[in-house]
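>>> Sequence first, predicted coordinates after that:
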Amino acid sequence: MRLRHVKGAKDLIATHSTLIFDNDREKEFNIKNYFDNDFPIHIEIGMGKGKFIHTLAKTNKNINYVGIEKFDSVIVRALEKQLEDPQDNLLLIRTDAVDLPVLFDTNNVERIYLTFSDPWPKDRHAKRRLTHKNFLDIYKKILSKNGELHFKTDNDLLFDFSVESITNYPMNITYITYDLHNSDFEGNIMTEFEERFSKLGNTIKKLTATFKE
Ligand code: SAH
């Protein structure tokens, strides 16, 4: 995604370290202790401006949500939403998905959302796609038994690549639609990208999957 310089982003982030932190500074951070309850943990990787996860947190108070995003200039928008309308079951973390095992105890996460992940269309960048086998290895470590991966995108190439990567891993695909907005799926919450791309006429693809034993 194209990055804009957001004025004051660093200052805003630095002064709100309980809502958002940089895991380079807080390697010992323990997510379970942060929430101080036993509710399940759901995370979104690449949450961007955070509308999706903020709405989920507001709607489901018995679930703890963690939004992961690697860029200051984007996560600051999610932070602004939190400050305007705070949800105590939502934590924002600025980090790269490759660091997830540092942050989460093994098998501690019940659900991972990947929403409109960067498609990285060039073959030589395939390893950067968040559904590449190397990332599935990471998700397997942190997801609980029966934990679910939920993935949606408008991008056909990324979706097809993901179906193949997930099937070959091997994982079970438990739900799939090639047109989410005209499917039987109930209660869909749109992300910022989903609103933008569906307005352009793109259909939205979604799947859920679990790891085989
Ligand atoms: N989920 C949002 C944003 C989609 S754009 C929406 O649907 O509106 C993809 C986002 O993923 C970008 O903000 C990008 O910075 C973030 N991202 C990409 N790779 C990442 C990684 N390895 N770790 C964390 N965030 C990542």
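Cool, the structure landed. Keep in mind it's a predicted model, so treat the numbers as computed, not measured.

>>> And stretch 185-194, end to end?
For stretch 185-194, the separation between the terminal residues is 15 Å (CA to CA, to the nearest Å).

>>> neighbouring contacts of that stretch?
The contact list for stretch 185-194, computed with CB atoms under 8 Å, 6 or more residues apart in numbering, reads 48-49, 51-52, 55-56, 59, 115-116, 152, 154, 175, 177, 180-181, 198, 204, 206. C-beta here means a position set from N, CA and C on the backbone, and glycine is covered the same way.

>>> In three-state terms, label the closest residue to I112 other than its chain neighbours for me.
Nearest residue to I112, sequence neighbours excluded (CB to CB, 6 or more residues apart in numbering): L149, at 5.1 Å. Under DSSP: H, G, I helix; E, B strand; the rest coil, the three-state class of L149 is strand.

>>> Next to the ligand, which bits of this protein? Give me the list.
1, 45-48, 68-71, 74, 96-97, 115-118, 191-194 (CB under 6 Å from any ligand atom).

>>> Could you tell me which of those count as buried?
Among the residues of the chain next to the ligand, those classed as buried by 16 or more other CB atoms under 10 Å are 45-48, 68-69, 74, 97, 115-117, 191-194.

>>> Next step: these restricted to helices.
74, 192-194 (DSSP state H).

>>> what's the burial count for K140?
Neighbours of K140 under the rule other CB atoms under 10 Å: 16.

>>> which helices and strands sit right next to the one helix or strand L79 maps to?
Using DSSP states H and E, L79 sits within helix 72-84. Helix 72-84 sits against helix 9-14, helix 51-59, strand 64-69, strand 90-94, with contacts defined as 3 or more CB pairs under 8 Å, 6 or more residues apart in numbering; DSSP states H and E.

>>> mind listing what the residue lying closest to V76 once chain neighbours are set aside touches?
In this structure, V76 finds its nearest non-sequential neighbour in A9, 4.1 Å apart by CB to CB, 6+ apart. Taking CB under 8 Å, 6+ apart as the contact definition, A9 lies against 72-73, 76.

>>> Relative to the ligand, which of the residues you listed is nearest.
S73 (8.9 Å; CB to the nearest ligand atom).

>>> thinking again about what came up before, buried subset of the contacts of stretch 185-194?
Looks like these have 48-49, 51-52, 56, 115-116, 152, 154, 177, 180, 204, 206 buried, using 16+ other CB under 10 Å.
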